[in-house]
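Trainee: Let's see this in three dimensions:
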Amino acid sequence: MTSLNGRVPNIIYLGTEKFYILGTNTDKTLWRLLKIDRMEPSELNIDEDSTMYSHSEYLDLRKTLDEDHRSTGGLNFVTNCCGIIGFIKFLGPYYMLIITEQRKIGAIFGHAVYQVTKTAMIELSSSKMKPTLLNSNDENRYKKLLQTIDLRKDFFFSHSYHIMRSLQKNFNDPQEGWDLYDTMFVWNEFLTRGVRNILESTCWTVALVYGFFKQDKIKTSGKDIMLTLIARRSRHYAGTRYLRRGVNEEGRVANDVETEQLVFDDTLGPRQISSVVQNRGSIPLFWSQETSKLIIKPDIILHEKDNNYEATRLHFENLRRRYGDPIIILNLIKTRERKPRESTLRQEFDKAIKIINNGLPVENHLRFLHWDLNKSTRSKNANALQVLMKVAFEALNLTEFFYCQASSAQTPGSSLNLHAPLNGCGFRGCDDKNDGGNTDCIDNNGDISQEDTCGSSDTSTSGIAEDVATNNGSTTVKPPKLQSGVLRTNCIDCLDRTNVAQYAYGLASLGRQLHALGSVESPELDLDSPLAHHLMHFYERMGDTLALQYGGSAAHNKIFSAKRGHLKFAIQSQEFFRTLQRYYSNAYMDAYKQAAINLFLGYHRPQQEKFAPWESESVAGENVLDDKTR
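Mentor: Coordinates of the predicted model:
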């Protein structure tokens, strides 16, 4: 079946018994027809016409459909549509969720990336077949609850690029159709499941990623380089701060986010691409904090329900399947406290990693670092970012990053074929990766000290500057690189301290990426360079966005603010305000947000005679979703 991926408009028409969706490709030369039945609204009945229509045939089809409905006033235009988000049923009929407006926010080698800017929810029942439950209080409550998920905020997609997957996976492990929706980063997987089952196709739906996307052009050494930062939030065990903590029985952790940093040039000649991926996620133990309207920092409760750490083990097995070895864990929580809170988790996490490593071959051991970032920032002699940069360089020596040189036949702005091998991209294993350098601070299970990690990194054995280029005809082609393994960073919330560490890793990576592209002479970027400040703005924006999604306030950015030279009093005032904002959101808003997320992701399925989210036993032990809740 020919796909219409890359289509811009779908046009929805309304007939007496059916909705008709006419979809076309970008230049409106090919059309397809989708029919959705309205006479059995409690069932999802969808049929795709197998015919591929030319534009003239589409006009004839449109005329025929209009004539068929002449007795009831003809075919009625409903709306233009950029793609189907999915279908959902509460207690009555099905509803269709669609994107009616989109805004381009970037492009990856000519493949446009869009933000959702306007949506619609269309009831599928006809006036003759409206079920009795349609206007019930519970039905309306469910509709309002779903509508609190603001799809115009931080949801993005692409019609032609698999934005839910990293660049390396798209090149090295191409997938199509169903498999793409099964990834952990497609938030409307449940909403599209019904239509995909019926049509056995993903042609009509869009895959929504939730998180962060920012792209900008940077100039270095006279070259224009496109810098892109993508954060993908997992749909597994997803939710808000105090209602999703730690790990679940399947090994899924709260606030699991994949961060990808892409750089590529759009110049004439061989085009170069580079990408590096890192991860953040909650401490993979069974622990929680009770939402409190009286206490800003409630106690941390460690649950003794997994003495063998099977869920923790499952989590790291999943990471290994996704990224390979080595798995490097950077744990930023506190080491010592007057009243043990974080330090209790630190000790238990350390114990879990040691037990897991005992059952693994040495080459597959988890590399574990403890470093108390809060303690470091209070020390007058310590420079937290310098320490984190050293750790980042050591991690990069182990994992490397993705780099590939595209064929010079590809002209700037054209779309790359993501499923055909590029010049020089006959991928092999990472055996050309050099694991040299001092990595003791990553191999041990203890704390790392400033003395262990300060100073510049040794890049003489990094395998970047010394890569030997091969000559392919008249074009020099550099050998490709693959990332194998990942740096996984966490603090308590995986928000504030974690974001600073991810910035340091991003900056260390950017130097090496630009060096591989031939845009900078040294693979190390200075913390005070213009590029470092530009990248800091990217990570600061990402940190604020993810913190608002999970924690209810912008991130605590005192290290970034201090780096910019902001006054100490101004920083303290901002941090205090954000603490109060986060506290209010967690205590009064999160239960409602969690219920909406559960509904959107399909973790709560509305049923008659079953509890509803506004009933006391279903959400956080409180009747928080009454009619007065805002």
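
Trainee: low-confidence ranges in the chain?
Mentor: For the chain, the stretches flagged by pLDDT under 70 are 1-9, 127-135, 267-270, 291-296, 380-382, 407-477, 552-589, 608-611, 614-630.

Trainee: Tell me which residue is most central in it.
Mentor: Computing the C-alpha centroid of the chain and ranking residues by C-alpha atoms, centre = their mean puts Arg232 first, at 0.5 Å.

Trainee: so how far is Phe155 from it?
Mentor: When distance is defined by C-beta to C-beta, to the nearest Å, Arg232 is 11 Å away from Phe155. The way it works is simple: take the backbone N, C-alpha and C, and place the C-beta from them, glycine included.

Trainee: so what sits against both of the two?
Mentor: Contact with both Arg232 and Phe155 is made by residues Val209, Tyr210, according to C-beta atoms under 8 Å, 6 or more residues apart in numbering.

Trainee: how about Asn499, phi and psi?
Mentor: Per-residue torsions, Asn499: phi -70, psi -40 (degrees, to the nearest 10).

Trainee: ok, and the closest non-adjacent residue to it?
Mentor: Spatial nearest neighbour of Asn499, chain neighbours left out: Gly543 (3.5 Å); criterion: C-beta to C-beta, 6 or more residues apart in numbering.

Trainee: how about the residue nearest to the centre of the chain, phi and psi?
Mentor: Taking degrees, to the nearest 10, you get phi -110, psi 120 for the backbone angles of Arg232.

Trainee: How about it, nearest residue that isn't a chain neighbour?
Mentor: Across the structure, with C-beta to C-beta, 6+ apart as the measure, the residue nearest Arg232 apart from its sequence neighbours is Phe185 (4.0 Å).

Trainee: Just confirm the one you found is within a helix.
Mentor: No - judged by DSSP: H, G, I helix; E, B strand; the rest coil, Phe185 forms no part of a helix; its state is coil.

Trainee: quick one: it and Glu540, what's the gap?
Mentor: Distance of Phe185 to Glu540, computed by C-beta to C-beta: 23 Å.

Trainee: Looking only at neighbour counts, state which of those two leads.
Mentor: Neighbour totals were compared for Phe185 and Glu540, and Phe185 leads with 25 against 19 (other C-beta atoms under 10 Å).

Trainee: In this structure the more buried one contacts Ile230, no?
Mentor: No - with the criterion set as C-beta atoms under 8 Å, Phe185 and Ile230 do not qualify as a contacting pair; they are 9.8 Å apart.

Trainee: Overlap in contacts, the two.
Mentor: Residues touching both Phe185 and Ile230 by C-beta under 8 Å, 6+ apart: Gly211.

Trainee: dump the residue contacts of Ser221.
Mentor: Contact criterion C-beta under 8 Å, 6+ apart gives Ser519, Val520 as the residues in contact with Ser221.

Trainee: Go again with 6 Å.
Mentor: Ser221 is in contact with Ser519, counting by C-beta atoms under 6 Å, 6 or more residues apart in numbering.

Trainee: Ramachandran coordinates for it?
Mentor: The phi/psi pair for Ser221 (degrees, to the nearest 10) is phi 50, psi 40.

Trainee: How about Ile218?
Mentor: With angles defined as degrees, to the nearest 10, Ile218 sits at phi -120, psi 150.
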